[in-house]
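*Asks:* Build me a model:
(chains A, B, C and D)
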There are 2 protein chains.
Amino acid sequence: MEKAARELSFAISRSASSLVTGRTGRVAVLVPNLDSWFLGAALAGLGPALNAAGLDMLVYSVTTAEQRAEFFDRLPARRNADALLVVSFALSPEERARLDDLGMPLVFVSQHEQGRAGVYVDDVEAAERGTRYLLNLGHRRIAYLEPADASGFAWSSRARLDGYRTALAQAGIDRDDDLVCQVAHWQGPSLEAAMGRLLSLAEPPTAIFAETDDIAFRLLTVLRGGNVPVPQRMSILGFDGHAMAEPWDLSTMAQPARRLGEVAAELAHGVINDPEAYRERHVVLPVELVPRGSTGPAPSPAPRER
Amino acid sequence: MEKAARELSFAISRSASSLVTGRTGRVAVLVPNLDSWFLGAALAGLGPALNAAGLDMLVYSVTTAEQRAEFFDRLPARRNADALLVVSFALSPEERARLDDLGMPLVFVSQHEQGRAGVYVDDVEAAERGTRYLLNLGHRRIAYLEPADASGFAWSSRARLDGYRTALAQAGIDRDDDLVCQVAHWQGPSLEAAMGRLLSLAEPPTAIFAETDDIAFRLLTVLRGGNVPVPQRMSILGFDGHAMAEPWDLSTMAQPARRLGEVAAELAHGVINDPEAYRERHVVLPVELVPRGSTGPAPSPAPRER
DNA sequence: CTGAAAGCGCTTACAG
DNA sequence: CTGAAAGCGCTTACAG
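*Replies:* Sure, this is the predicted structure:
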């Protein structure tokens, strides 16, 4: 029957049915960019899972202030999507209020907010674990490299930095902000500059925890170029579980990016079909330490004087 | 006026308007995956450009036979999208015919087909140029590594391999199929095996042209692990212009992935609003050789006997 | 130039 | 259980 209808009319018009049911069969996804490994992997999990649930995926990559205004003005509008998935995107209070006024069901992905559904990892705990791993290898001077977010659109919890600090404090190591550097995520000389600062400290670090694998990759290159052997002189630990971490032998805190997308699809289905039950549902996924060749024991201190 | 309407009703219902205009304001994008660098970059160009033209982007990542059947059965249906962008996806003749029957306007991205709009690069010419660059460095034994497409969903023209062969022939070098290897794109031991085969030839290659940067990256790792210095003993040339090619100092044939997406958006707008003029429009974008540290002069032949 | 009516293609509630 | 009618929220062509 349905098949016959398909063959005759070739397709049911979603427009007509959504007009009467009030359902569009579509979910909007808001992302701060599309060319990062993490978002690609998350969308690769999300898209097929939504499709399997009979939902189509509308993707909005919002990277400029203009696009941002346009999006909140025009696109997420009531009746154009059944739910909005906010992926690693820092909503302003006004934007958040506007979405609530619209009655748009919200799901947060890779970030969390009170009173709304969300799926994410426990960044604090994972960063603590990563730092403890470096401590267990004998490192006492551990630097932390965080990305400087130029646009300010990406959601950031500072949670990883907090976890790093907590673990150091618990090991009885005094906080030293000289060891925390901000670097541009994709390019620019700031990474070399940061390395220069770290390597010229009176007590330079013997390990570096990078907030993302992308930073860790660039770090590996800079250290190789600067003849700093990894891990003999400097251990590097990343965060993400990037597909290239394995070929590059990078130790990393691997988060299940694809799985985040799949769970997000379940939550989207939930907030649409059973809003009461799902409005505040939070799913926390595990992060796994994957030790590889970029981390090793702390070098024994160079003899200063004899 | 429009603003007042927005404030009152919060949004115009696309469903209602599309019912009467026959336009959905949506473009469907079909991709064989979502977690490759190239597709991420292309979508990063495409999405915002579509949005700027007032079009929403529906993304369908089709990676299994089941999803594929489902997609062609249900999703691209008439009146659910104004056009379909096919990105690096190998349509079967039946699928192609079905889309034509639906009267769905088509745009091919990073691939081309007779009689339909498309935007892509000249792979043959670019591969010729890359190969000639290696020849000019003095290399005579140049291997070629191509990805084995497990699913068979990705569009492949063999054009790069053709360009490689043409350039060698023009240089008067006999074709040697021992130098052409297939390797799995993301993982598996096949890359090591391929290297083993190449390095044990009577006359091993002094340079390798990798069909994608992803393969080139893994190649660099394997060679480093095998103590084959790059580029002193082996030059590596990639293809794509991956964001990590620069930090990894990989020479590559850089294609404008983001720009491909932007032009695709223009073509989509074109085939929707002026089908006659755009139906067969083809846009060919340039590929640039970016020489970096992974390529160098051919080593002088090792003395065999004296 | 303005305003009321018809109709896009479905779903649903209701009459038979 | 089956089938005709009403109506979802817009746009457009037409009457005034």
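
*Asks:* Output stretch A:195-208 as CSV, restricted to C-alpha atoms.
*Replies:* Only the C-alpha atoms of stretch A:195-208 are listed here, as CSV (Å, rounded to 0.1, in the frame of the first residue of the first chain):
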residue,chain,number,x,y,z
MET,A,195,57.0,26.3,23.8
GLY,A,196,59.7,29.0,24.0
ARG,A,197,58.3,30.3,27.2
LEU,A,198,58.0,26.8,28.7
LEU,A,199,61.5,25.7,27.7
SER,A,200,63.1,28.8,29.1
LEU,A,201,61.6,28.5,32.6
ALA,A,202,64.0,28.0,35.5
GLU,A,203,62.3,24.6,35.9
PRO,A,204,60.9,23.6,32.5
PRO,A,205,58.1,21.0,32.3
THR,A,206,58.9,17.4,31.5
ALA,A,207,55.3,16.7,30.3
ILE,A,208,52.6,18.6,28.5
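
*Asks:* average pLDDT for that stretch?
*Replies:* Averaging pLDDT along stretch A:195-208 gives 97.

*Asks:* List of residues touching it?
*Replies:* When contacts are defined by CB atoms under 8 Å, 6 or more residues apart in numbering or on different chains, stretch A:195-208 is touched by residues A:134, A:137, A:139-145, A:178-179, A:181, A:219, A:222-223, A:226, A:228, A:233-237, A:295, A:298-299. C-betas here are computed from N, CA, C, even on glycine.

*Asks:* can you pull out the strands in the stretch 201-306 of chain A?
*Replies:* Listed in chain order, the strands of the stretch 201-306 of chain A (DSSP state E, counting those that start in this stretch) span A:207-210, A:235-240, A:251-254, A:282-285, A:288-290.

*Asks:* Tell me the helices and strands packed up against the fourth one.
*Replies:* Of the remaining helices and strands, those touching strand A:282-285 by 3 or more CB pairs under 8 Å, 6 or more residues apart in numbering or on different chains; DSSP states H and E are strand A:117-121, helix A:257-273.

*Asks:* Now tabulate the ones you listed in JSON lines and tack on mean neighbour count, mean pLDDT and distance to DNA strand C.
*Replies:* What follows is the helices and strands packed on strand A:282-285, written out as JSON lines (neighbours: other CB atoms under 10 Å in any protein chain shown; pLDDT from 0 to 100; distance: least, CB to the nearest atom of the strand, whole Å):
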{"stretch": "strand A:117-121", "mean neighbour count": "24", "mean pLDDT": "98", "distance to DNA strand C": "24"}
{"stretch": "helix A:257-273", "mean neighbour count": "22", "mean pLDDT": "97", "distance to DNA strand C": "13"}
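
*Asks:* And those: which comes nearest B:L260?
*Replies:* Nearest to B:L260 among the helices and strands packed on strand A:282-285 is helix A:257-273 (24.3 Å), distances taken as CB to CB.

*Asks:* Could you list every helix and strand in contact with the closest one?
*Replies:* helix A:37-52, strand A:83-87, strand A:106-109, strand A:117-121, helix A:275-278, strand A:282-285.

*Asks:* In ChimeraX, select just the buried ones from the contacts of stretch A:195-208.
*Replies:* Selection of buried members from these for ChimeraX, criterion 16 or more other CB atoms under 10 Å in any protein chain shown:
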select /A:134,137,139,140,141,142,143,144,145,179,181,219,222,223,228,233,234,235,236,237,295,298
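
*Asks:* Next to DNA strand D, which bits of the stretch 1-150 of chain A? Give me the list.
*Replies:* With CB under 7 Å from any atom of the strand as the criterion, the stretch 1-150 of chain A meets DNA strand D at residues A:A16, A:L19, A:V20.

*Asks:* what about the last one, is that helix, strand or coil?
*Replies:* Under the three-state scheme (DSSP: H, G, I helix; E, B strand; the rest coil), A:V20 adopts helix.

*Asks:* Run a quick neighbour tally on it.
*Replies:* By other CB atoms under 10 Å in any protein chain shown, the residues close to A:V20 number 8.

*Asks:* same thing with the first one?
*Replies:* Residues within reach of A:A16, counting by other CB under 10 Å, total 14.

*Asks:* Does it belong to a helix, a strand or coil?
*Replies:* Secondary structure of A:A16, per three-state DSSP, is helix.

*Asks:* For it, give me its contacts.
*Replies:* B:S15, B:L19 are the contacts of A:A16 under CB under 8 Å, 6+ apart.

*Asks:* any idea how far A:Y133 lies from DNA strand D?
*Replies:* Separation of A:Y133 from DNA strand D (CB to the nearest atom of the strand, to the nearest Å): 56 Å.

*Asks:* I figured that residue was touching A:E288, is that so?
*Replies:* No. With contact defined as CB atoms under 8 Å, A:Y133 does not count as touching A:E288 (11.5 Å).

*Asks:* Of the two, give the one with the bigger neighbour count.
*Replies:* Set A:Y133 next to A:E288 and count neighbours by other CB under 10 Å: A:Y133 wins out with 20 against 12.

*Asks:* For the more buried one, grab phi and psi.
*Replies:* Backbone torsions for A:Y133, taken as degrees, to the nearest 10, come to phi -60, psi -40.

*Asks:* coming back round to it: mind giving me a markdown table with the helices and strands packed on helix A:257-273 and columns for distance to B:G152?
*Replies:* Converted to a markdown table, these look like this (distance: least, CB to CB, whole Å):
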| stretch | distance to B:G152 |
| --- | --- |
| helix A:37-52 | 18 |
| strand A:83-87 | 30 |
| strand A:106-109 | 31 |
| strand A:117-121 | 32 |
| helix A:275-278 | 38 |
| strand A:282-285 | 32 |
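
*Asks:* B:I272 is nearest to which of these?
*Replies:* Using CB to CB, those put helix A:37-52 closest to B:I272, at 23.0 Å.
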